[in-house]
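Visitor: Everything below, folded, please.
(chains A and B)
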Protein chains: 2
Amino acid sequence: METRMLDAFARKYKQLLEAELRTLVDQLEAPSVIKDAMHYSLEAGGKRIRPLLVFATLDAFGVDPQKGLLAAAAIEMVHTYSLIHDDLPSMDNDDLRRGKPTNHKVFGEAVAILAGDALLTYSFEVMGKIPEEDPSTTKKLVIELAKAAGTEGMVGGQVADMEGEHKALTLEELEYIHIHKTGKLLGFSVLAGAIIAKATPSQIESLSAFAHHLGLAFQIQDDILDVIGNQDLIGKPVGSDTTNHKSTYPGLLSLEGAKEALKTQINLAKENLQKVGLNTDLLMELTDLVAARDH
Amino acid sequence: METRMLDAFARKYKQLLEAELRTLVDQLEAPSVIKDAMHYSLEAGGKRIRPLLVFATLDAFGVDPQKGLLAAAAIEMVHTYSLIHDDLPSMDNDDLRRGKPTNHKVFGEAVAILAGDALLTYSFEVMGKIPEEDPSTTKKLVIELAKAAGTEGMVGGQVADMEGEHKALTLEELEYIHIHKTGKLLGFSVLAGAIIAKATPSQIESLSAFAHHLGLAFQIQDDILDVIGNQDLIGKPVGSDTTNHKSTYPGLLSLEGAKEALKTQINLAKENLQKVGLNTDLLMELTDLVAARDH
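Guide: Below you'll find the predicted structure:
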């Protein structure tokens, strides 16, 4: 697989994104402990797939990816807040995230809750500040971010996930969880790029379908890695889904069936991407990366 | 004190607000438990002072207060989320709020955290949807709401409050906490009305000063009620600040000094209100109500 183009692109924009996140938090006038807690989780690394989707979508439209910097930062803040709250003792009770102590392990539970609240809140300020010539674009970005993150998106998926614990879920229930818990924000990352690039309605439709299948592929690969992955790379014990009695794609479809489902979703993602009628090389590479990632 | 005009106004718009909050949550497509948890805390009552400030400010400008309905609902959602998270075991660990079991006592800690997250997120969607002729107005409302709620506002105040527990605070530190923890969102309630009413910069300046002093008055009266209030009316044990070793205005200034400080803030609030040059009768009455409230 040839990913050298994506490699250089990802390196460049990851760096810009991380510098922007640092600056955005640094410039807040607030007690230092909350800024430290926000920095800590924002800088804990990660693949920055959502920001890369924003940048690569803009690139497909021939728009300078930097135009998506604030939107990408806002989305990464929302993603980071969700990780902090998911890791809390009353939720998944995780002590480690990407091999490092989770936020509440370092700062205590109260500050961790507030750091999540602060990142979520700040994401809307950052999104609201996008210097669009047309403020109705900003308005649309704010509304769609809230939809992707809220009860009809990520929060709804997390609730369904909690309710489904220790239950045998159907494939349909499992997909509801993933489409909402991870799919909606991944999808919004592509949508944000498209909105900023002033995509046509039919382009937005194809890109939304692309993002939907990419999101499912992402989650299926996540479940597969929990069975066959390398613990050092994925940063949590292999087999933890089984230990926690979580419903997974391999559990429902067998490992071979899950690999088949992954291939199907990747193909559907690519088909929809081709319909957009733009130079989507980077998004194609990102899609391959999701299918082949080892952590 | 003559409050019949405010009484009728408050009754009418409280009813409209509460119906709007119910409808806004009802129309979400999400797992029922999260909607139940959101409804539970939104419908727990309360004085709805922030929404009333939005409505009364619009009234002062001769604008139909109903134009502020979505903004008022968004602000009440943010206030409600902050109460749910503040009550959590790792924060204030309160079992009762307004005489009823707190959200986490009814729905469990995980759902309570998510209900707070959901209300905060939804508030930005609701604010973003305000049908302004000029979308830059909506943009401004979103940004200012985020500032009032985030690390430079309410979250920052909550962090400072936690850090100040069991410490003897100076008056300056105590004011920092209150200006941020409660003052910023009260202030934004007035600002939101002014923004929607297209106030001039000098009107906004006077209204901001009004809201600043009103917020301090509100908090001083809160502290006074903790010393001399009626437990049944305020819904928590009298003297709980002393029991919890919280720094308060009566503690720093004596009860008489705190009453004096309250009078000063009320007078400053009213002076600034007079400068606005509008029919601010309702806002004047609201200010008197804050000074005289018994819960």
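Visitor: Just the C-alpha atoms of stretch A:187-195, please, in PDB.
Guide: This file holds the C-alpha atoms of stretch A:187-195, laid out as PDB (Å, rounded to 0.1, in the frame of the first residue of the first chain):
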ATOM      1  CA  GLY A 187     -19.100  11.700   9.700                       C
ATOM      2  CA  PHE A 188     -19.300  15.300  10.900                       C
ATOM      3  CA  SER A 189     -15.500  15.600  10.400                       C
ATOM      4  CA  VAL A 190     -16.100  15.000   6.700                       C
ATOM      5  CA  LEU A 191     -19.200  17.100   6.700                       C
ATOM      6  CA  ALA A 192     -17.400  20.000   8.300                       C
ATOM      7  CA  GLY A 193     -14.800  20.000   5.500                       C
ATOM      8  CA  ALA A 194     -17.500  19.800   2.900                       C
ATOM      9  CA  ILE A 195     -19.500  22.700   4.500                       C
END
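Visitor: Next, the residues that contact it from outside, please.
Guide: With contacts defined as Cβ atoms under 8 Å, 6 or more residues apart in numbering or on different chains, stretch A:187-195 is touched by A:49-51, A:53-58, A:60-61, A:68, A:71-72, A:75, A:137, A:140-141, A:144-145, A:147-148, A:153, A:203-204, A:207-208, A:210-212, A:214-215, A:283. Bear in mind the C-beta positions are built from the backbone N, C-alpha and C, glycine included.
Visitor: same thing but at 6 Å, please
Guide: The contact list for stretch A:187-195 (Cβ atoms under 6 Å, 6 or more residues apart in numbering or on different chains) reads A:50, A:53-54, A:57-58, A:68, A:71, A:75, A:140-141, A:144, A:148, A:204, A:207, A:211.
Visitor: Find out how far that stretch is from the centre of the chain, if you would.
Guide: Relative to its parent chain, stretch A:187-195 has a centroid offset of 12 Å by Cα atoms, centre = their mean, to the nearest Å.
Visitor: could you give the mean pLDDT of it?
Guide: Mean pLDDT, computed over stretch A:187-195, is 97.
Visitor: Same check on stretch A:159-172?
Guide: 92.
Visitor: Which of the residues in that stretch are classified as buried?
Guide: Within stretch A:159-172, the residues that count as buried by 16 or more other Cβ atoms under 10 Å in any protein chain shown are A:159-164, A:169.
Visitor: check those against chain B, which are close?
Guide: With the criterion set as Cβ under 6 Å from any Cβ of the partner chain, the members of the buried residues of stretch A:159-172 near chain B are A:159-160, A:162.
Visitor: ok so, going back, same list (the buried residues of stretch A:159-172) but as TSV, adding distance to residue A:120 and secondary structure.
Guide: What follows is the buried residues of stretch A:159-172, written out as TSV (distance: Cβ to Cβ, whole Å; DSSP: H, G, I helix; E, B strand; the rest coil):
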residue	distance to residue A:120	secondary structure
A:159	16	helix
A:160	19	helix
A:161	18	helix
A:162	19	helix
A:163	22	helix
A:164	24	helix
A:169	28	coil
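Visitor: Need those residues in JSON lines (columns: distance to residue A:229).
Guide: What follows is the buried residues of stretch A:159-172, written out as JSON lines (distance: Cβ to Cβ, whole Å):
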{"residue": "A:159", "distance to residue A:229": "27"}
{"residue": "A:160", "distance to residue A:229": "24"}
{"residue": "A:161", "distance to residue A:229": "20"}
{"residue": "A:162", "distance to residue A:229": "24"}
{"residue": "A:163", "distance to residue A:229": "26"}
{"residue": "A:164", "distance to residue A:229": "22"}
{"residue": "A:169", "distance to residue A:229": "22"}
